[in-house]
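Visitor: Predicted coordinates and the sequence they were generated for:
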Amino acid sequence: MRTKDQPPIKNDADEGVENRKSSASHPRPPSPIIEDYNSISIVVAEPTTVNPSFSGGSGDDASIGYRASIVPTCSNGSAEEAMNVNGRPTSPNASMAISSAVTTSTSAIQRSGEDGYSMNSSMVCDAPASDRILNSNEQVAPNNNSKMPYNASANAITPNTNRLTPDLLPLVDLTQDDIDKIVDQIEGGITNIQDIYALSPFQDSIISQHITTNESDPHFDATLMSFDNRDILDHYLKAFQKVVDRHDIARTAFIWEHLSTPVQVVLRQALLSITELTLNLADGSISEQLRAIFDPLKYRIDLNQAPLIRFAIAQDDGGRWIAIQLTHHLICDRYSLTQIQSEIQAFSEGRGNMLLPPKPFRDFIAKARSAPSLEDHEKYFTKILGNIETPALQCGFSNIDSNGTNISESTLALPQELVNRLRDNTNRMGVSLAEMCHLAWALVIARTNGQEQVVIGTTSFGGMDYRCTARALGPFANTLPLRVDIGNASVEDSVNRIHGDMEALLSHEHVTLALVQRCSNVPTGTPLFSSVLDYRQTMAPPTKATSVSGIQLLDTMKSIRHPLVVSVEDRGDEVILTAQTVCKYEPSRICGYIREGLHSLANALEHTPDMPIRELEILPAEEREMLIKSWNTIESTFPDHQCIHNLFENRVKQSPDSIAIVYQDQSLTYRQLNERANNLAHQLINLGVKPDTLVAICVERSLAVIVGILAILKAGGAYVPLDPAYASERLLDILSDASPSILLADSHGRNMIGEAALTSLTVLDPTAQIKGGQVTNPELESLTSRHLAYVIYTSGSTGKPKGVMVEHNQVTRLFDSTARWYNFNKDDVWIMSHSYSFDVSVW
């Protein structure tokens with residue numbers, strides 16, 4: 001493989017240097033910006049031709065017919081003008097700011113932009129598609145009293161500025177030394193700097209991860225396309241460059257080295273980096289070779305060099321060209337990618353001059369910086385997350401920033417009958433379908449993790465109001481935590497609560513996950529959640545090919561930041577679930593659980609709204625059948641009514657004089673071990689031990705360990721193992737939580753527990769035997785195999801011990817079901833090399 005005109009690439013830090021030097025010497029003045037979007041009218045030229053081609057002639061000079069229309073624009077109205085659903089007001093800001101509370105159609109907004117007028121989020125709500133999508137021929141009355149939800153000061157840097165100072169940069173806190181270092185790192189210096197401002201919370205999280213990793217970069221999307229000939233490819237790239245020229249975020253570089261804080265720097269001009277490669281077809285298909293070269297596990301985009309969009313092209317056979325487009329998440333989200341393609345289409349058809357002037361990304365940064373203070377964020381999230389200690393880590397993943405490239409995906413369309421029922425319920429209750437979906441997903445997380453208090457991620461699109469009035473590009477998304485309690489609250493109350501919680505979350509859409517994490521009790525380094533639900537509304541399914549003749553979309557390669565991402569695509573007439581996983585869970589099963597959860601929600605709201613939310617089912621009928629019947633058809637003749645010590649007593653009858661246990665130079669036969677255990681068991685019974693009584697045992701490794709455990713079981717109690725090899729603090733934590741009234745302990749065990757804790761306990765030494773005591777097997781008619789055998793404590797994900805109660809029949813059933821695996825017999829010898837606080841010791 002060799003590179004034409006440029007050296008082979010491993011990292012793109014050196015790509016496009018000549019282009020950037022040219023950019024610096026001929027800076028482009030900033031585009032004019034429309035500041036007032038409240039009541040202006042736009043003359044729009046709409047094409048009358050369909051499926052135009054890139055081939056032949058300049059894109060701007062293409063001959064296309066147009067019809068003109070005048071459509072006034074509008075922006076957010078007052079709170080009083082917000083829609084009311086059954087008497088419940090819907091906040092105009094809440095209607096589209098977060099995917100969890102999304103009640104608008106993104107496609108309507110995109111369509112409004114294509115037709116030349118602006119639409120804000122409060123204009124579209126979660127009604128049937130025919131009601132919530134504005135017709136392009138409708139005229140929207142301007143609202144003269146409305147105003148933008150934020151006010152960014154104008155950029156004070158001009159092409160004539162010859163020195164940058166802190167007062168010229170109101171959207172970032174920098175010292176003069178910081179600024180001078182930034183200027184030194186930019187090709188062309190100050191003449192090529194249009195603006196400098198802080199990062200958004202989402203950008204900050206990406207930069208933080210980028211700094212701590214050296215090889216992979218999961219934060220860019222790769223798109224493979226084919227072009228019938230080089231002319232079509234060149235016209236496409238030319239149109240793409242015009243999109244870059246239009247949008248500040250597309251000309252943005254990110255600088256952090258030797259600075260007090262990372263910044264983004266908007267360049268006046270930045271040319272696309274286009275690398276032409278010569279690849280050998282003998283080495284495989286061109287597309288597969290490009291995919292391998294730009295594998296996110298090995299390739300990193302240089303974030304210091306704008307634009308963070310890279311192209312590599314190579315000629316295929318038959319004159320066809322293959323291109324791979326890399327777009328970094330720091331400058332672009334999925335909506336921006338759609339907008340870019342729309343603008344490329346406009347430029348190719350000669351409609352570029354009809355596009356609305358874009359609003360700079362700096363305004364979104366201004367909005368984020370004007371959000372509630374850190375103290376307000378901390379107060380809110382501490383209130384809702386302060387008692388969360390154990391996260392619901394779906395798939396068992398604790399690393400939310402895994403490379404996220406080995407993705408399994410499954411898609412499921414919800415039955416139309418179910419969608420209609422859900423919409424009927426949301427309209428009746430004044431809530432959104434998005435909220436229903438989040439509640440169903442929380443139910444799935446709760447049931448599959450065995451937790452009632454769960455935290456899930458939800459995608460916030462805080463820039464949507466800004467985007468739809470300004471036709472802006474940028475990474476407007478942010479991932480926020482949503483706490484949902486799946487407990488005894490009724491289904492109806494749970495729906496109403498999640499509605500209120502999601503609206504409250506909107507005020508904190510610009511918070512960083514690092515701050516949120518600090519507000520919980522989840523240990524540092526453990527993520528608060530590992531799954532995200534992304535709800536979005538569109539009008540049409542995505543297509544596998546562009547609408548441009550001569551261009552074919554071959555593949556899109558995306559990564560996910562969390563082990564499990566669920567997308568809900570509301571197309572109006574249908575709802576599509578997509579599950580993406582990088583873990584052991586089959587995505588098709590995830591979709592099935594959500595569908596069943598939504599079905600259970602609909603049934604409960606219609607027939608039993610007062611039933612506890614925790615009782616809703618998520619298992620599909622086929623999986624329930626498999627679990628309950630198919631996997632349980634094996635008949636067992638094992639007497640599951642017997643307790644653990646009964647099995648031991650059976651062995652005593654069979655081999656009373658065989659050696660049962662050996663420790664160093666000491667040993668006991670089955671008869672001797674049984675008699676010593678019986679002696680101690682009768683003492684425990686006399687002290688009041690009965691079925692389910694907890695008796696702790698803290699004894700050094702010796703014969704007395706087995707004697708004590710058998711004695712507790714024979715007395716009907718459940719033993720709580722306290723290995724004296726553990727720290728005293730841990731032993732005391734277990735004692736405090738289990739609260740046993742009796743303790744079996746030798747001298748070392750008593751020392752580890754301490755005199756203070758022993759005062760409230762009755763203590764017996766299992767190493768001592770009462771001469772003349774009873775040695776027959778205790779007969780306890782009330783004891784059954786459903787009573788507790790032991791309570792064993794695990795470290796737990798938080799490091800604090802947590803007790804697990806285990807019954808006799810659970811252990812004996814395990815013995816029986818696994819006996820055929822191991823074929824144990826009387827000649828086998830077990831070595832107990834582990835702690836008796838570890839439940840494998842039960843074997």
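Guide: Now that the structure is in, tell me what you want to look at.
Visitor: Not counting its own residues, what contacts stretch 409-429?
Guide: 85-86, 126-128, 432-433, 435-436, 492, 495-496, 499, 573-581, 586-588, 590-592, 595, 598-599, 601-602, 605-606 (CB atoms under 8 Å, 6 or more residues apart in numbering). For glycine as for every other residue, the C-beta is placed from the backbone atoms N, C-alpha and C.
Visitor: Would you list the buried entries among these?
Guide: 85, 126-127, 432-433, 435-436, 492, 495-496, 499, 575-581, 587, 590-592, 595, 598-599, 601-602, 605 (16 or more other CB atoms under 10 Å).
Visitor: Distance check, residue 430 against residue 751.
Guide: To residue 751, residue 430 is 65 Å away according to CB to CB, to the nearest Å.
Visitor: Which of the buried ones among the contacts of stretch 409-429 fall within strands?
Guide: 85, 575-581 (DSSP state E).
Visitor: quick one, domains of the chain?
Guide: 2-30+151-332, 379-541+558-631, 644-842 (automatic domain parsing).
Visitor: To residue 552, which of the ones you listed lies closest?
Guide: domain 2-30+151-332 (4.7 Å; CB to CB).
Visitor: so how far is that closest one from its chain's centroid?
Guide: Centroid separation between domain 2-30+151-332 and its chain, computed with CA atoms, centre = their mean, to the nearest Å, is 27 Å.
Visitor: again, but for stretch 523-541
Guide: Worked out by CA atoms, centre = their mean, stretch 523-541 lies 4 Å from the chain centre.
Visitor: same deal with stretch 746-758?
Guide: Using CA atoms, centre = their mean, the offset of stretch 746-758 from its chain centre is 46 Å.
Visitor: What residues sit buried inside that stretch?
Guide: Using 16+ other CB under 10 Å as the burial criterion, the residues of stretch 746-758 that qualify are 746, 749-750, 752-753, 757-758.
Visitor: Next: stretch 729-736.
Guide: 730-732, 734-735.
Visitor: Now for these: which two are most distant?
Guide: 730 and 735 (9.8 Å).
Visitor: Need the buried residues of stretch 746-758 in CSV (columns: secondary structure and pLDDT).
Guide: Below are the buried residues of stretch 746-758 laid out as CSV (DSSP: H, G, I helix; E, B strand; the rest coil; pLDDT from 0 to 100):
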residue, secondary structure, pLDDT
746, coil, 93
749, helix, 92
750, helix, 93
752, helix, 93
753, helix, 92
757, helix, 88
758, helix, 91
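Visitor: closest to residue 384 among those residues?
Guide: Set against residue 384, the nearest of those by CB to CB is residue 757 (36.2 Å).
Visitor: Thought residue 732 was touching the closest one, still the case?
Guide: Yes. Contact status for residue 757 versus residue 732: in contact at 6.0 Å, counting by CB atoms under 8 Å.
Visitor: For the helix ranked longest in the chain, the averaged confidence score.
Guide: Looking across the chain with DSSP state H, the single longest helix is helix 587-607. In this model, helix 587-607 carries a mean pLDDT of 96.
Visitor: can you check stretch 495-511 too?
Guide: 92.
Visitor: now the helices for the stretch 551-700 of the chain?
Guide: Secondary structure of the stretch 551-700 of the chain by DSSP state H, counting those that start in this stretch: the helices cover 587-607, 621-628, 644-654, 670-686.
Visitor: Switch those over to a markdown table; also include distance to residue 195.
Guide: A markdown table is the format used below for the helices of the stretch 551-700 of the chain (distance: least, CB to CB, whole Å):
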| stretch | distance to residue 195 |
| --- | --- |
| helix 587-607 | 42 |
| helix 621-628 | 54 |
| helix 644-654 | 73 |
| helix 670-686 | 78 |
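Visitor: Which of the ones you listed sits closest to residue 813?
Guide: helix 644-654 (11.2 Å).
Visitor: packing partners for the closest one?
Guide: helix 670-686, helix 703-714, helix 808-822 (3 or more CB pairs under 8 Å, 6 or more residues apart in numbering; DSSP states H and E).
Visitor: Of those, which is nearest residue 261?
Guide: Among those, helix 808-822 sits nearest to residue 261 (CB to CB), with 55.7 Å.
Visitor: helices or strands next to that closest one in the packing?
Guide: Against helix 808-822 (3+ CB pairs under 8 Å, 6+ apart) you get helix 644-654, strand 788-794.
Visitor: which of the residues in the shortest one are buried?
Guide: For strand 788-794, a neighbour-count test (16+ other CB under 10 Å) marks 788-793 as buried.
Visitor: Out of those residues, flag the one nearest to residue 458.
Guide: residue 793 (34.7 Å).
Visitor: For the residue lying closest to that closest one once chain neighbours are set aside, what are phi and psi?
Guide: Closest residue to residue 793 apart from its sequence neighbours, by CB to CB, 6 or more residues apart in numbering: residue 801 at 4.1 Å. Phi and psi for residue 801, reported as degrees, to the nearest 10, are phi -60, psi 140.
Visitor: for the one 5 residues further on, same thing?
Guide: The phi and psi values for residue 806, taken as degrees, to the nearest 10, are phi -120, psi 130.
Visitor: what helix or strand is the residue of the chain most remote from its centre on?
Guide: Distance from the centre of the chain peaks at residue 772, with 65.6 Å (CA atoms, centre = their mean). Residue 772 belongs to no helix or strand when elements are defined using DSSP states H and E.
Visitor: do you know how far it is from residue 806?
Guide: In terms of CB to CB, residue 772 sits 35 Å off from residue 806.
Visitor: Could you do residue 691 as well?
Guide: 14 Å.
Visitor: Repeat that for residue 680.
Guide: In terms of CB to CB, residue 680 sits 21 Å off from residue 806.
Visitor: Compare the two and say which is more crowded by neighbours.
Guide: residue 680 (26 against 18; other CB atoms under 10 Å).
Visitor: give me the number of residues near the closest residue to that one other than its chain neighbours?
Guide: Using CB to CB, 6+ apart and skipping the chain neighbours, the partner closest in space to residue 680 is residue 711 (3.6 Å). Other residues within reach of residue 711, judged by other CB under 10 Å, total 30.
Visitor: Kindly report the same for residue 181.
Guide: Residue 181, neighbours per other CB under 10 Å, totals 16.
Visitor: and what of the one 4 residues further on?
Guide: Residues near residue 185, counting by other CB under 10 Å, number 14.
Visitor: Next: residue 493.
Guide: If you count neighbours by other CB under 10 Å, residue 493 ends up with 14.
Visitor: and it, what does it touch?
Guide: Contacts of residue 493 (CB under 8 Å, 6+ apart): none.
Visitor: Quick check: it vs residue 612, distance?
Guide: Taken as CB to CB, the span from residue 493 to residue 612 is 10 Å.
Visitor: ok, now residue 310?
Guide: 53 Å.
Visitor: And for residue 824?
Guide: 44 Å.
Visitor: Neighbour count for the two, which is higher?
Guide: Higher neighbour count among residue 824 and residue 612: residue 612, with 16 against 12, using other CB under 10 Å.
Visitor: wait, doesn't the more buried one sit right on residue 489?
Guide: Yes. Using CB under 8 Å, residue 612 is in contact with residue 489, at 6.9 Å.
Visitor: ok, the nearest residue to residue 737 once chain neighbours are set aside to residue 338 distance?
Guide: Spatial nearest neighbour of residue 737, chain neighbours left out: residue 803 (6.1 Å); criterion: CB to CB, 6+ apart. Residue 803 sits 52 Å away from residue 338, going by CB to CB.
Visitor: what lines up beside the one helix or strand residue 327 maps to in the sheet?
Guide: Element membership for residue 327, per DSSP H and E: strand 321-328. Note on strand 321-328: by DSSP bridges, its sheet partners are strand 220-227 (antiparallel), strand 309-315 (antiparallel).
Visitor: for the very next helix or strand once past it, which positions count as buried?
Guide: Toward the C-terminus, strand 321-328 is succeeded by helix 334-348 as the next helix or strand (DSSP H and E). Within helix 334-348, the residues that count as buried by 16+ other CB under 10 Å are 334-337, 339-341, 343-348.
Visitor: Understood, closing this out.
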